[in-house]
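Engineer: Got a sequence here, can you build the structure:
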Amino acid sequence: MLPRGYMGKVLRVDLTAGKWKVEELPEGLMRNFVGGNGFAARWLFDELKPGIDPLSPENSLIFATGPLTGTAFPSSGRWAAYAKSPLTTAVWGEAHSGGQWGPELKYAGFDAIIVTGRAEKPVYLWIDDGQVEIRDASHLWGKDVLDTDEMIKQEIGDETVKAIYIGPAGEKLVRLACIMDSLYRAAGRCGLGAVMGSKRLKAVVCRGSQDIVVEKPDEFLSVVDELIEKMKDNPITGEALPMYGTDVLTNIINAAGGLPTFNFQQGWHPEAWRNSGEHMRATILIKNRGCRFC
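Structural biologist: Here you go, the predicted model:
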């Protein structure tokens, strides 16, 4: 029986061939490797040849979720991207993001996407409740993420679709390029936006309505309610994070000497307060915008 919390399907896309197929997610993989990090580690270990160029068609780019993604569990609206990193050139590159896209991928019917090869021209993936298209993105190439988001939604005719995409930095293979989620969140580590750009993959757009089935839903929701109350009662998760965002930690970490500065040569900076949540709220905040289930 399919372990609860999973959709049980992986979308594999070969951009060189311009083809895609749906694979069943093996039960052993779900039980032994649990979620996104575990899945990607297994797949990259099995599929990547030693010594490949991270920006070559031989690199795999994986987008993956976990069994809690898309459920009512607090802070579960997350996903991650994985590939051999062009920034570190190590075999493992991992970038996590909040935002809106991860749950929507599961509602569209998939736990993960494995992208291989390189498209002849810029493309984007359109995943609509299990149906998949590889669409031309030549008109989007060169656009920043603001224009890309607007143009994709106009093209599909739905303002509610959720998308991840790259901007000009990823297209130009800048080795610290991010993958952006719905404008406001980023999978920012390891330069995986450059890997996406090397494959000429501009965006992955999802829309879905499928349910995620959990084991013992009444007990699950009871645990969710209990955790939410505990988070509300905690001064960090109940007050500071909703008020200032994760940058509320800047001053705390700086004071503790744990803020990486000067390429990790120091753990403190006298001007760190300028990047703190408190300072940004007082000077530039327009409104709060949270991730799903956070």
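
Engineer: for the chain, which spans come out with low pLDDT?
Structural biologist: Scanning the chain for pLDDT under 70 picks out 1.

Engineer: As a check, name the ranges of all helices in it.
Structural biologist: With DSSP state H as the criterion, the chain has helices at 27-33, 36-47, 101-107, 145-156, 168-171, 192-198, 217-233, 235, 241-244, 249-255, 277-283.

Engineer: For stretch 141-156, buried residues please.
Structural biologist: Neighbour-count burial for stretch 141-156 flags 141, 143, 145, 148-149, 152, 155-156 (criterion: 16 or more other C-beta atoms under 10 Å). Bear in mind the C-beta positions are built from the backbone N, C-alpha and C, glycine included.

Engineer: Show me the contact partners of it.
Structural biologist: Stretch 141-156 is contacted from outside by 122, 124, 126, 139-140, 159, 161, 163, 165-168, 171, 180, 182-183, 200, 202-203, 205, 207, using C-beta atoms under 8 Å, 6 or more residues apart in numbering.

Engineer: Please tell me how far that stretch is from the chain's geometric centre.
Structural biologist: Chain-centre distance of stretch 141-156: 18 Å, with C-alpha atoms, centre = their mean, to the nearest Å.

Engineer: now swap in stretch 85-98 and tell me
Structural biologist: With C-alpha atoms, centre = their mean, you get 12 Å for stretch 85-98.

Engineer: Span of that stretch from start to end?
Structural biologist: Taking C-alpha to C-alpha, to the nearest Å, stretch 85-98 runs 20 Å from one end to the other.

Engineer: What are the buried residues along that stretch?
Structural biologist: Neighbour-count burial for stretch 85-98, with 16+ other C-beta under 10 Å as criterion, is recorded at 85-87, 91-98.

Engineer: would you turn the helices of the chain into TSV with distance to Leu61?
Structural biologist: Shown next, in TSV, are the helices of the chain (distance: least, C-beta to C-beta, whole Å):
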stretch	distance to Leu61
helix 27-33	18
helix 36-47	10
helix 101-107	14
helix 145-156	18
helix 168-171	11
helix 192-198	5
helix 217-233	32
helix 235	39
helix 241-244	31
helix 249-255	30
helix 277-283	32
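
Engineer: now, of the ones you listed, which is deepest in the fold?
Structural biologist: helix 192-198 (a mean of 28; mean count of other C-beta atoms under 10 Å).

Engineer: Going along the chain, name the strands of the stretch 51-200 of the chain.
Structural biologist: Secondary structure of the stretch 51-200 of the chain (DSSP state E, counting those that start in this stretch): strands at 61-64, 79-83, 93-97, 112-116, 123-128, 131-136, 162-165, 179-181, 185-187.

Engineer: between these, which gets nearest to Asp225?
Structural biologist: Comparing the strands of the stretch 51-200 of the chain against Asp225 with C-beta to C-beta, the closest turns out to be strand 79-83 (24.6 Å).

Engineer: Name the nearest residue to His269, ignoring sequence neighbours.
Structural biologist: With sequence-adjacent residues excluded and distances taken as C-beta to C-beta, 6 or more residues apart in numbering, His269 is closest to Thr261, at 4.4 Å.

Engineer: any idea how far the one you found lies from Gly99?
Structural biologist: To Gly99, Thr261 is 27 Å away according to C-beta to C-beta, to the nearest Å.

Engineer: Correct me if wrong: Ile166 contacts Met196.
Structural biologist: Yes: between Ile166 and Met196 there is a contact under C-beta atoms under 8 Å: 5.0 Å.
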